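**Q** What would the 3D arrangement of this be:
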Amino acid sequence: MTAFRFCKPSEMSRANFLEAFGDIYEHSPWVAETVFEQGIGPQDDQIENLHQRMAAALEGADFQAQLDLINAHPDLAGRAAINGELTEASTKEQSGAGIDQCTPEEFDKFTTYNDRYKAKFNFPFIMAVKGANRHQILAAFETRLNNDRDTEFETAINEINKIAFLRLWDL
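**A** Numbering: from 1, shown residues only. Model prediction:
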């Protein structure tokens, strides 16, 4: 288990906890609120434990709350990225994967895949891109476009939990 370096969640007030962890799940502070309301103890000073509790809060939420969280995520290489409207974490994640260095042809592919994916599944493509590059992401698009909606919904939730873990780790 790995302790947070700069904070102890077990010693935080509700306001400080939500300030620190409210954006771990993209524009969805309800995940952190749910965990805080269940009680925070010394075990939550460990990244892995707090992540497990946050992931359980997401997985235990109703379908609409999960779908809303999925839809809170921006398209990879989408308009929000171009317009500088991403959260700081999303900006770092996408640029770390080299998405900001796409050739015009790659950018067109991202746009086409984003559009096809949303048309098929009615939510954006979600992938934890930290450690991946734009070529791997495009290949994942190609593969996952062949999945059914239930598989992709479950994959999106799993990828969101991976993103959350990486964001907690960065704290």
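
**Q** only C-alpha atoms for contact and neighbour calcs from this point on.
**A** OK.

**Q** quick one: buried residues of the helix or strand hosting residue 165?
**A** According to DSSP states H and E, residue 165 maps onto helix 149-170. Buried residues in helix 149-170, counted by 16 or more other C-alpha atoms under 10 Å: 152-153, 155-168.

**Q** Pick the one among these closest to residue 19.
**A** residue 168 (13.1 Å; C-alpha to C-alpha).

**Q** residues near the nearest residue to that closest one once chain neighbours are set aside, how many?
**A** Closest residue to residue 168 apart from its sequence neighbours, by C-alpha to C-alpha, 6 or more residues apart in numbering: residue 47 at 6.5 Å. Residue 47 has 20 neighbouring residues, counting by other C-alpha atoms under 10 Å.

**Q** confidence score at residue 47?
**A** Note on residue 47: pLDDT of 98.

**Q** contacting residues for it?
**A** 1, 2, 3, 4, 165, 168, 169 (C-alpha atoms under 8 Å, 6 or more residues apart in numbering).

**Q** any low-confidence regions in this protein?
**A** For the chain, the stretches with pLDDT under 70 are 77-87, 89-91, 93-97.

**Q** How is it partitioned into domains?
**A** 9-67, 75-170 (automatic domain parsing).

**Q** and the longest one, how far apart are its ends?
**A** By that I understand domain 75-170. 22 Å (C-alpha to C-alpha, to the nearest Å).

**Q** what about residue 128, which SS state?
**A** The assignment at residue 128 comes out as coil when based on DSSP: H, G, I helix; E, B strand; the rest coil.

**Q** quick one: it and residue 160 touch, right?
**A** Yes - using C-alpha atoms under 8 Å, residue 128 makes contact with residue 160 at a distance of 7.0 Å.

**Q** Give me the buried stretch members for the helix or strand that contains residue 51, please.
**A** Here residue 51, judged by DSSP H and E, is contained in helix 47-59. Of all the residues in helix 47-59, those buried under the rule 16+ other C-alpha under 10 Å are 47, 48, 49, 50, 51, 53, 54, 55, 57, 58, 59.

**Q** what's residue 3 sitting at in phi/psi?
**A** The phi/psi pair for residue 3 (degrees, to the nearest 10) reads phi -80, psi 150.
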